[in-house]
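K.L.:
sequence isn't available, so here's the structure alone:
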């Protein structure tokens, strides 16, 4: 960690002197964060970034959205955090049971990874408490007095609980709540927490669990919202109560249906997903276990969408138009067993118009796997269309019947093709002379591929990784430029040039 300059012996300084150093180094005069129209979390992030820029915090780690989740503190920051003027602090379990004024005035109580087995009833006397973390403790249940912490804003619970604390329904100021995926949340709790900004996931249910309508008033939710067990949503009217279109701060949405269920409810699935249309600001979308032939119409209107993942949608017969989404960077399709063709609809290609079109203008990565009935991935005429201009990574595996594929991937750097029964023509098309930027090529268990193009290595001067497995009868020409070469169960004919 860095030192203060000039160097100070903190033990010899008064608390006021420590605060003067902190203020001078951390917050430049005349540059306070703009607090107008900001959530408290946003204001806190601005202050934190100022501290970070002035070396009070270092070695930060960020989450999926770039939010800082972990960092190291400068020695001076640690010292000042222990000042008597600070109304928040971190304790271990030894303090529990004390009745001192300092304890009663706590704003922050962090018992993370301590040996605490239970919280005393007196926890309810911490009227000023804003933050309570008991993750990775041995606590299995909470005292009823938890419901008296009316100012609590963040509650982090253990992953395993014997009983979910119904009392948190009284904590109307709660903004962030964390609990384990297997914790059973009773009905009637979430709908009262209308100030929530973060919620790890919601398992909707028919019995004692929350119905999807409890999300209706939680319009301050931000970042990620994951909804499980959507097969239990009965109809359009119930799905509408979730009010997803009003949750404009949710950037990542996960919609999951249970896979081990009969498909006789597919008709209701279609109506439910159509109604669960998110706000137009959504950036990341995952759909799992959807049992209907057709995906929702609102996908083609999601212009801010950056990533989409479709998994286990085994009855879907087609993929909606994704090629015209201007910000789409990543597409992943797994287990789309009924898809037979990726055609013009997938691209959004208008073969009638004479105008030059740009399709998939931002796409960087694409993964297609376990599309066991995919036969054709159609090409579009590149003399009229710019397509896949920036695609750098393509994974095509377990598509056993694929016979045709595009040949225009001008920016492709990493290519993986595997487990295909009749992939000779498709792979030969992908490995065309237009490939000039490959750095990594992985091919495994592809029947029908008897050789790699002779000019493949010549055209791709930056290729440094070549991995070939279970390619029988193929002629390989390899270059000494390779820094990684793996060949197993492949040809007997191998030459390094």
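P.N.:
Here it is on my side, so go on. Predicted, not measured: the structure shown is a model, and the values here were computed from it. Residues are numbered from 1 along each chain as shown.

K.L.:
and the gap between residue 340 and residue 314?
P.N.:
13 Å (Cβ to Cβ, to the nearest Å). C-beta: built from backbone N, CA, C; applies to glycine.

K.L.:
and residue 213, by the same measure?
P.N.:
28 Å.

K.L.:
give me the neighbour count for the nearest residue to residue 347 once chain neighbours are set aside.
P.N.:
Leaving aside its sequence neighbours, residue 347 sits nearest to residue 323 (Cβ to Cβ, 6 or more residues apart in numbering; 4.0 Å). Around residue 323 there are 24 other residues, counting by other Cβ atoms under 10 Å.

K.L.:
the strands in the stretch 1-150 of the chain, which residues?
P.N.:
Secondary structure of the stretch 1-150 of the chain by DSSP state E, counting those that start in this stretch: the strands cover 57-62, 68-73, 108-110, 131-133.

K.L.:
contacts for stretch 336-344, please.
P.N.:
With Cβ atoms under 8 Å, 6 or more residues apart in numbering as the test, stretch 336-344 has contacts from 293, 310, 313-319, 333, 351, 370-378, 380.

K.L.:
quick one, which of those are buried?
P.N.:
310, 313-319, 333, 370-372, 374-375, 377, 380 (16 or more other Cβ atoms under 10 Å).

K.L.:
which ones among these are found in helices?
P.N.:
With helices taken from DSSP state H, there is no overlap with those.

K.L.:
which of the residues you listed fall within strands?
P.N.:
Of these, the ones assigned to strands by DSSP state E are 310, 333, 377.

K.L.:
what residues are up against the first one?
P.N.:
By Cβ under 8 Å, 6+ apart, the residues touching residue 310 are 286, 287, 290, 295, 316, 319, 332, 333, 334, 336.

K.L.:
looking at the residues you listed, which is nearest residue 360?
P.N.:
residue 319 (12.5 Å; Cβ to Cβ).

K.L.:
my read: the closest one touches residue 347, true?
P.N.:
No: proximity of residue 319 to residue 347 does not meet the contact threshold set by Cβ atoms under 8 Å, at 10.1 Å.

K.L.:
got phi/psi on residue 337?
P.N.:
Main-chain dihedrals, residue 337, degrees, to the nearest 10: phi -70, psi -20.

K.L.:
so how many other residues sit close to it?
P.N.:
Look at residue 337: counted by other Cβ under 10 Å, it has 16 neighbours.

K.L.:
and the top helix by length along the chain, average pLDDT?
P.N.:
For the chain, the helix that runs over the most residues, judged by DSSP H, is helix 40-53. The average pLDDT for helix 40-53 rounds to 73.

K.L.:
now do stretch 294-310
P.N.:
The average of the pLDDT scores along stretch 294-310 is 94.

K.L.:
ok, now stretch 171-191?
P.N.:
What stretch 171-191 shows for mean pLDDT is 93.

K.L.:
could you number the chain from 274 rather than 1 from now on?
P.N.:
That works, and once the first residue is 274, the last one we named lands at stretch 444-464.

K.L.:
list the buried residues of that stretch.
P.N.:
Judged by neighbour count using 16+ other Cβ under 10 Å, the buried positions of stretch 444-464 are 444, 447, 448, 449, 450, 452, 456, 458, 459, 462, 463, 464.

K.L.:
reformat the residues you listed into TSV and put secondary structure and distance to residue 512 next to each item.
P.N.:
Listed next are those as TSV, based on DSSP: H, G, I helix; E, B strand; the rest coil; distance: Cβ to Cβ, whole Å:
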residue	secondary structure	distance to residue 512
444	coil	28
447	coil	26
448	coil	26
449	strand	26
450	strand	23
452	coil	24
456	coil	24
458	coil	19
459	coil	21
462	coil	20
463	helix	16
464	helix	16
